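Participant: 3D, please:
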Amino acid sequence: MSGGYFRGGPQGGRLFPDEVSKGIAEGRYLLVDVREPNEVAVEAYPDGVVVPLSTFDPSAIPDPQGKQVVFACRSGKRSVTASLAAQAAGLPYDKHLAGGIIGWKAAGLPTKTGG
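Facilitator: As a prediction, the model looks like this:
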């Protein structure tokens, strides 16, 4: 399988932690965390909304109100699955956080505890 799997089209694909953090701060991105509630309870993205992949329903994603949706998970795999599922449901959500929360922390970005 080629790297094209991760691109998501000309406007989408992998975004790196610093890009996503900056985009959230600037009001451009809505971060959708697709990890499970038990994972989020231990460590969470500060500004993420949780829509677990195990029960993923694209209609459960909050209205992004003009922001671009960026999916995130632990390492970057489930976020791709969520992006593809959202696209299959007709939503234009083709972005995901490369490296997940592991990459987020490696970039020195903050997390919170308790979901």
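Participant: thought residue 48 was touching residue 35?
Facilitator: No. Using CB atoms under 8 Å, residue 48 is not in contact with residue 35; the gap is 9.0 Å. Glycine gets a C-beta too; all of them are placed from N, C-alpha and C.
Participant: now do the shared contacts for these two.
Facilitator: residue 72 (CB atoms under 8 Å, 6 or more residues apart in numbering).
Participant: give me the residue at the spatial middle of the chain.
Facilitator: residue 71 (1.7 Å; CA atoms, centre = their mean).
Participant: per-residue confidence for it?
Facilitator: Residue 71 is assigned a pLDDT of 98 by the prediction.
Participant: number of nearby residues for residue 18?
Facilitator: Residues contacting residue 18 under the criterion other CB atoms under 10 Å number 13.
Participant: name the helices or strands packed onto the helix or strand encompassing it?
Facilitator: Using DSSP states H and E, residue 18 falls within helix 17-25. When contacts are defined as 3 or more CB pairs under 8 Å, 6 or more residues apart in numbering; DSSP states H and E, helix 17-25 packs onto strand 29-33, strand 68-72, helix 100-106.
Participant: pLDDT of the helix or strand that the first one is followed by, averaged?
Facilitator: What it means is strand 29-33. Next helix or strand after strand 29-33 toward the C-terminus (DSSP H and E): helix 37-42. What helix 37-42 shows for mean pLDDT is 96.
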